[in-house]
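Asks: Quick one, fold the following:
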Amino acid sequence: MKIYLDICAIQRPLDTSKQIRIALEAEAVLGILAFCDEGKIELVSSEALIYETEQNPIAIRQEHANAVLAKAKSIIKMTNDAKVRAAKLSELGFKALDSLHLALAEFSKVDYFCTCDDQLIRKIENDYRN
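Replies: Numbering: from 1, shown residues only. Model prediction:
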């Protein structure tokens, strides 16, 4: 099984867990990472994830994301086809990086795209088309 975690999901274990939902999402992400360590899940990274990680000014968050991305079995490169798909998703109103993540996840043929971003989830539920 192949999984693409966006930055929001990758960073969830570092978020303050005052809400039960955040604590549960953090545990779910840590569980996914444990399955990756056991070889039960294949984590997929991308050039967009690497770029977004590099832009984070908070050292501990950058280190955490780099450690997670180091578990990935593959890094999806930005291709012209992915750029075209991302542009189409942007036209639907998705944010630029979200569009790239979705397009790269599609092209890598992941089984699951995981996020904790409510706004992105709503956008996917309302407007996302294959």
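
Asks: Sketch out the low-pLDDT regions of the protein for me.
Replies: 128-130 (pLDDT under 70).

Asks: where do the helices sit along it?
Replies: Secondary structure of the chain (DSSP state H): helices at 7-11, 20-37, 47-54, 59-69, 80-91, 96-107, 118-127.

Asks: Please name the residues that touch the residue lying farthest from the centre of the chain.
Replies: Using Cα atoms, centre = their mean, the residue of the chain lying farthest from its centre is Lys18. It sits 22.8 Å away. Counting by Cβ atoms under 8 Å, 6 or more residues apart in numbering, Lys18 touches no other residue. Backbone N, C-alpha and C define where each C-beta goes, glycine included.

Asks: before we move on, back to that, take the helices of the chain and write them to TSV, including distance to Met1 and mean neighbour count.
Replies: Output for the helices of the chain, formatted as TSV (distance: least, Cβ to Cβ, whole Å; neighbours: other Cβ atoms under 10 Å):
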stretch	distance to Met1	mean neighbour count
helix 7-11	15	23
helix 20-37	9	15
helix 47-54	18	18
helix 59-69	17	15
helix 80-91	22	15
helix 96-107	13	22
helix 118-127	20	13
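
Asks: ok so, going back, how near is the residue farthest from the centre of the chain to Ala26?
Replies: Separation of Lys18 from Ala26 (Cβ to Cβ, to the nearest Å): 12 Å.

Asks: list the residues that contact both of these two?
Replies: Residues touching both Lys18 and Ala26 (Cβ under 8 Å, 6+ apart): none.
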